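[1] Would you be able to build a 3D model of this:
(one chain, ligands or ions: 1)
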Amino acid sequence: MKDVEKVSMTSNKSDFSLDRSWPWWPLLPLYPYGFRRTLISEIIPNQIWSFEQLQGLYYVAVPVRLTVVKVSGGLMLFNPLPPTAELLKALNELIKKYGPVLSIILPTASGLEHKIALPSIARAFPEALVWVCPGQWSFPLNMSLPFLGVSSSRTKYLLQDGVPHEDCTSWIPLGPLDIGLGRFQEVSCFHHPSKALLVTDALVGIEARPPSLFDFDPTPLLFHSRERGDEPLFDSYEQRLKGWARLVLFASFLRPALLEIPSWIDVFRYSFKKGLRNPKAHFGLFPFIWKEGWEDSAKKLLGEKEPLLQVAPVLERLIFPRSKNTLFEWLDNLSNLKGMKWLVSAHFSALVPFDKKRIRSLKNNISSRKWADSQGDFSFLSSLDQGLFNAGIVPKDPLKAFKD
Ligand SMILES: [Fe+2]
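    Modelled structure (predicted):
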């Protein structure tokens with residue numbers, strides 16, 4: 001076991017090396033801010049590579065992924081990530097072996113965390129074509145792609161302008177849906193040679209074991225594994241598991257049912273204690289109280305033997321509460337793809353077993369329970385949806401705007 005000082009000593013100082021710097025972080029100021037470490041792994045030999053970085057708020061951090069795919073004559077980049085020198089160096093190794101980056105794909109209309117790095121990664125590969133999902137928007141400022149620095153002369157819209165790499169891929173849209181502030185749509189890609197379906201946010205697989213990315217620096221896990229701000233950060237495998245389960249609950253429900261937010265008086269009472277007066281421990285500021293039974297909620301989201309395939313609760317409650325059929329149509333279209341074996345999504349586990357049988361069981365699971373519940377862990381998400389719905393921002397029929 002190590003206390004927080006020892007944890008910080010074990011952290012590699014080169015975390016702050018220029019190789020990992022990301023100067024554009026103020027555009028979307030998320031942890032770990034200006035220095036992004038990248039975990040690179042070959043997930044399907046000679047076909048698919050996962051480039052992962054952490055991204056989050058107040059140490060509620062989950063992996064976000066760029067998927068690099070071997071296509072005829074070179075490489076396709078699916079879902080941009082901040083192109084740090086470390087990331088580009090690893091990518092250049094693949095380029096030497098497999099050929100140039102031919103295309104950069106932004107397959108989501110809404111996911112700001114995926115589009116924020118598009119201009120800089122596009123500048124790093126000026127010869128590559130940029131393909132984006134139709135209906136791009138951003139909130140609170142609706143910034144057009146040329147405004148973000150993506151030249152319109154080499155930008156194409158998926159499906160409207162065709163699709164890239166037709167000889168080895170199939171492209172399947174999910175949506176569009178009108179979600180009031182803009183459009184939800186993502187275009188998934190089935191890469192035939194690897195038998196992998198590439199998605200952005202639509203489906204994820206989550207494991208009980210924390211992602212390897214936290215092996216570099218487990219601080220977010222250890223921070224959230226505590227009960228109070230005056231507790232030191234102890235490192236053990238159990239603490240990492242506990243911290244990860246809580247991060248998954250945060251990322252899934254934003255405010256899980258068994259999480260209480262204490263008063264600021266209580267937060268300050270337990271903060272600024274000896275050994276914790278440092279930015280790494282957020283000075284002991286810990287505005288959370290986990291109530292008994294939270295582990296049972298987490299268990300429903302975590303796979304023990306393999307990543308648990310699921311529609312993220314945030315999507316269920318905020319994107320699809322009145323359009324489950326759109327999701328089912330997409331799943332049915334996926335079922336028609338021949339030979340599918342894997343799911344590679346932009347968050348959580350890199351490689352998730354995914355075939356017709358699993359799609360059927362996911363559909364059965366959704367059909368056999370209450371969809372977009374308003375109770376329990378879903379109550380906070382439900383209050384957000386209801387607020388937008390009552391204010392007339394979210395339409396009753398999310399498909400209406402796209403009919404005719
Ligand atoms: Fe995302």
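[2] Spell out which parts of the protein neighbour the ion.
    111, 201 (C-beta under 5 Å from the ion). For the C-beta atoms, the positions are set from N, CA and C on the backbone; glycine is no exception.
[3] again, only using 6 Å
    Within the chain, the positions lying close to the ion (C-beta under 6 Å from the ion) are 111, 113, 114, 200, 201, 346, 347.
[4] Tell me which stretches of the stretch 201-350 of the chain form strands.
    Taking DSSP state E, counting those that start in this stretch as the test, the strands found in the stretch 201-350 of the chain are 204-206, 259-260, 289-290, 308-310, 342-344.
[5] re earlier: export the residues of the chain next to the ion to JSON lines and tack on distance to residue 61, pLDDT and neighbour count?
    Below are these laid out as JSON lines (distance: C-beta to C-beta, whole Å; pLDDT from 0 to 100; neighbours: other C-beta atoms under 10 Å):
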{"residue": "111", "distance to residue 61": "16", "pLDDT": "74", "neighbour count": "20"}
{"residue": "113", "distance to residue 61": "12", "pLDDT": "84", "neighbour count": "19"}
{"residue": "114", "distance to residue 61": "16", "pLDDT": "90", "neighbour count": "25"}
{"residue": "200", "distance to residue 61": "18", "pLDDT": "96", "neighbour count": "29"}
{"residue": "201", "distance to residue 61": "16", "pLDDT": "94", "neighbour count": "23"}
{"residue": "346", "distance to residue 61": "14", "pLDDT": "96", "neighbour count": "26"}
{"residue": "347", "distance to residue 61": "11", "pLDDT": "95", "neighbour count": "25"}
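[6] out of the residues you listed, which are inside helices?
    Within the residues of the chain next to the ion, residues falling in helices by DSSP state H are 113, 114.
[7] Between the residues of the chain next to the ion, which sits nearest residue 57?
    Closest approach between the residues of the chain next to the ion and residue 57, by C-beta to C-beta: residue 113, at 11.1 Å.
[8] from what I can see that closest one touches residue 64, true?
    Yes - look at residue 113 against residue 64 with C-beta atoms under 8 Å: they come within range, at 5.9 Å.
[9] Could you tell me which residues touch both of the two?
    residue 55 (C-beta atoms under 8 Å, 6 or more residues apart in numbering).
[10] OK, contacts around the closest residue to residue 161 other than its chain neighbours?
    Spatial nearest neighbour of residue 161, chain neighbours left out: residue 131 (8.0 Å); criterion: C-beta to C-beta, 6 or more residues apart in numbering. By C-beta under 8 Å, 6+ apart, residue 131 lies in contact with 103, 104, 105, 106, 155, 156, 157, 158, 161, 163, 164.
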